[in-house]
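Colleague: the following block contains a protein sequence and its predicted model.
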Amino acid sequence: MSNRGAHGIGTSVSLAEFAERRQIAAADQLGITQQALNTALKLKRQIQVLEMPDGSVTAIETKVFPAPNRRARQ
């Protein structure tokens, strides 16, 4: 299922949808290695891929800000 981009430019899909059954090609389109893509999928990172009308793609990750500390400050 695709959604229109924030300004009606391109479509947005989850990284998992974008890479489904084609991790090597998807990684190549994003300019990353297949291993990096696989790691992001395994960690269930919140990444949306914007597919533009010209065929280019951009990935955007949504993260909590500020990031929770891994250990409590002393």
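Modeller: Done, it's in.

Colleague: any idea how far the residue lying closest to Pro53 once chain neighbours are set aside is from Ile32?
Modeller: Once flanking residues are discounted, Pro53 sits nearest to Gly10: 6.1 Å by Cβ to Cβ, 6 or more residues apart in numbering. C-beta coordinates here come from the backbone N, C-alpha and C atoms, glycine included. Distance of Gly10 to Ile32, computed by Cβ to Cβ, to the nearest Å: 19 Å.

Colleague: quick one, which of those two is more surrounded?
Modeller: Shown here are Gly10 and Ile32; by other Cβ atoms under 10 Å, Gly10 has more neighbours (20 against 14).

Colleague: so who does that one touch?
Modeller: By Cβ atoms under 8 Å, 6 or more residues apart in numbering, the contact set of Gly10 is Leu50, Glu51, Met52, Pro53.

Colleague: what about it, distance to Asn38?
Modeller: For Gly10, the distance to Asn38 - Cβ to Cβ - is 24 Å.

Colleague: contacting residues around Gln29?
Modeller: So Gln29 contacts Val57 (Cβ under 8 Å, 6+ apart).

Colleague: name the residue closest to the centre of the chain, please.
Modeller: Ile47 (3.1 Å; Cα atoms, centre = their mean).

Colleague: which residue packs closest to that one, ignoring adjacent ones?
Modeller: Leu15 (4.0 Å).

Colleague: wait, that neighbour sits on Val49?
Modeller: Yes. Counting by Cβ atoms under 8 Å, Leu15 does reach Val49; the two are 5.8 Å apart.

Colleague: which neighbours do these two share?
Modeller: Ala59.

Colleague: tell me which element Gly55 is part of?
Modeller: Following DSSP states H and E, there is no helix or strand that holds Gly55.

Colleague: do you know the pLDDT at it?
Modeller: Looking at Gly55, its pLDDT stands at 89.

Colleague: repeat that for Gln35.
Modeller: Looking at Gln35, the pLDDT reads 98.

Colleague: now it: how far from Val57?
Modeller: Gln35 is 19 Å from Val57, by Cβ to Cβ.
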